[in-house]
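Undergrad: Provided below for reference: sequence and predicted model.
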Amino acid sequence: MSAGGFSKLPNGTVVVALNLPSPAAHAPAGVRVLVHAQNRARALTRLRNLGLRAVYLRGNTAPPTPDEITAVLHHPDGLIWRTANTLTLELWHPIKALLKDPSRT
């Protein structure tokens with residue numbers, strides 16, 4: 001199963017990080033998705049509402065790093081992704097860039 005985890009922030013909200021298989025051909029190795037929400041259940045609901053139906057958070061094996069938390073807190077949507085390959089210095093992308101249909105362009 002995909003690795004993931006969460007961090008509870010001082011204001012009571014959480015940042016959830018999940019490593020998922022890519023729903024598109026953007027990243028064959030998968031993607032790392034970060035979600036900022038009121039609680040873990042709402043974070044997963046946000047992803048499910050976007051069409052990522054089979055997302056679950058089991059355990060806390062790969063919680064978000066401090067840099068990841070900063071990135072998602074500074075994004076207006078509070079929902080970002082990048083490829084799961086940590087060897088690259090890729091910037092974070094808004095979730096819309098992952099889920100858009102390339103056949104419509």
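TA: It's in. Model, not experiment: these values are computed from the prediction.

Undergrad: buried ones in stretch 70-78?
TA: 71, 72, 75, 78 (16 or more other Cβ atoms under 10 Å). The C-beta positions use only the backbone N, C-alpha and C, and glycine is treated the same way.

Undergrad: what does stretch 39-55 give?
TA: 40, 43, 44, 46, 47, 50, 52, 55.

Undergrad: from those, which has minimum pLDDT?
TA: Checked by pLDDT, the buried residues of stretch 39-55 have residue 52 as the lowest-scoring entry (80).

Undergrad: that older thread, tell me which two of the buried residues of stretch 39-55 sit farthest apart.
TA: With Cβ to Cβ as the measure, no two of the buried residues of stretch 39-55 lie farther apart than 40 and 50, at 16.4 Å.

Undergrad: any idea which residue sits dead centre in this structure?
TA: residue 33 (1.5 Å; Cα atoms, centre = their mean).

Undergrad: I'd like to know which elements the helix or strand containing that one is packed against.
TA: Assigning secondary structure by DSSP states H and E places residue 33 in strand 31-37. Counting by 3 or more Cβ pairs under 8 Å, 6 or more residues apart in numbering; DSSP states H and E, the packing neighbours recorded for strand 31-37 are strand 14-20, helix 40-49, helix 66-73, strand 79-83.

Undergrad: no more questions from me, cheers.
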